[in-house]
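A.B. asks: Provided below for reference: sequence and predicted model.
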Amino acid sequence: MAFLEVKNVCKGFGPSWQRSEVLHDINLQIEEGEFVAIIGYSGAGKTTLMSMLAGLTTPDSGEILFEGKQMDGPGPDRGIVFQNYSLLPWLSVYENVALAVDQVFPQWTPAERQAHTEKYIGMVNLTPALKKVPAELSGGMRQRVSVARTLAMTPHILLLDEPLGALDALTRGTLQDELSRICQEDKKTVVLITNDPDEAIYLADRVIPLTAGPRATLGPSIPITLARPRDRRLFNENYEFKQIRNEIVNYLLKARPRDTTGILTKLVLPDIEPEDISGPRGSHRPRSAGPIRRAEIAAVNVETSLKP
Ligand SMILES: Nc1ncnc2c1ncn2[C@@H]1O[C@H](COP(=O)(O)OP(=O)(O)OP(=O)(O)O)[C@@H](O)[C@H]1O
Ligand SMILES: [Mg+2]
């Protein structure tokens, strides 16, 4: 049995009479220690899927099994890092992480909890910023606090919902390196949501595309066989990388949102002509007669003095 198993899951929103299905027939199996990236279009339902994997929302149909048991609400065994940093703005870096550690490990001594908190803040290179509050941090630093807080809870599975999406390319690259190092060292089971094929290939053991919504579903699993540790600088000359990238991009292009700009219904226009307003208002036709119908307009033969 897989570590995390999603079976025939569907999920929609709205009341039953006009429910729109966001995710359709999602099937996924993740083994312990695997790093799986799910890549898809914006609005396809990636966060919806992640919320279900975290136990924050329930599927309409189908089931999710985690470590062999039916998913039953959220728990500290599943750590989620959201798209926005979701830090408590009035707490310092240390306090944001310590709060989670205190809740998950209440049986530890204060000294043990402090050492654990500091270890994870150090892991994301934020020790010099321990006392700063989120408003004093850059976006990348905030995201690192968020990652440290989740890792410090030592979850069995790490759910990362576009954790680096809001960052500039350079900061993003640095954080990808840190994430890769931490996940490899800890041999964590990870589900990463991203919209960046390069990020997915750099970090994951497997990439699964999510088709465009509505009724988005998961495509085939694409194994990333590139050796670790990976060096992104060599990717551009690497044939295998280019092939995997093409496969992912081509699949997503085929599964892109349908073009809805074409005319689907023939419109029948009302049988009326615009009112002639060139003369004095109401001089030609009483207002009560309503708009002129095309059938009312008599054909007029106009004689012309032009000779052929
Ligand atoms: N609580 C909700 N109520 C109603 N509709 C919702 C709710 N949550 C999400 N949706 C709808 O479900 C669809 C998928 O949303 P979701 O946030 O999962 O997409 P996403 O792939 O994470 O997008 P993005 O890449 O922008 O983060 C969207 O059309 C969204 O409007
Ligand atoms: Mg999202």
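C.D. replies: Done, it's in. Residues are numbered from 1 along each chain as shown. Ligands and ions are numbered 1, 2, ... in the order given.
A.B. asks: make it CA atoms for all contacts and neighbour counts henceforth
C.D. replies: Fine.
A.B. asks: show me where the stretch 101-250 of the chain has its helices.
C.D. replies: 110-123, 139-152, 169-186, 197-203, 239-254 (DSSP state H, counting those that start in this stretch).
A.B. asks: please identify the deepest-packed of those.
C.D. replies: Per residue and on average, the most neighbours among the helices of the stretch 101-250 of the chain fall to helix 139-152, with a mean of 24 (mean count of other Cα atoms under 10 Å).
A.B. asks: can you list the helices of the stretch 101-250 of the chain in CSV and add mean pLDDT?
C.D. replies: Written out in CSV, the entries for the helices of the stretch 101-250 of the chain read as follows (pLDDT from 0 to 100):
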stretch, mean pLDDT
helix 110-123, 94
helix 139-152, 90
helix 169-186, 84
helix 197-203, 94
helix 239-254, 93
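A.B. asks: next to ligand 1, which bits of the stretch 1-150 of the chain? Give me the list.
C.D. replies: Residues of the stretch 1-150 of the chain found near ligand 1, taking Cα under 6 Å from any ligand atom as the criterion, are 13, 22, 42-48.
A.B. asks: name the member of the residues you listed with the most neighbours.
C.D. replies: residue 45 (25 neighbours; other Cα atoms under 10 Å).
A.B. asks: residue 77 is in contact with residue 156, correct?
C.D. replies: Yes. Using Cα atoms under 8 Å, residue 156 is in contact with residue 77, at 4.9 Å.
A.B. asks: who's more crowded, these two?
C.D. replies: Legend: neighbour count by other Cα under 10 Å for residue 156 and residue 77, higher for residue 156 (19 against 15).
A.B. asks: for residue 150, see how far away that one is.
C.D. replies: Shown here: residue 156 relative to residue 150, a distance of 11 Å by Cα to Cα, to the nearest Å.
A.B. asks: widest-spaced pair of the residues of the stretch 1-150 of the chain next to ligand 1?
C.D. replies: The most widely separated members of these, counting by Cα to Cα, are 13 and 42 (16.9 Å).
A.B. asks: isn't residue 28 right next to residue 9, touching?
C.D. replies: No. Assessed by Cα under 8 Å, residue 28 is found out of contact with residue 9, at 9.4 Å.
A.B. asks: the more surrounded of the two?
C.D. replies: More neighbours surround residue 9 than the other of residue 28 and residue 9, with 21 against 16 (other Cα under 10 Å).
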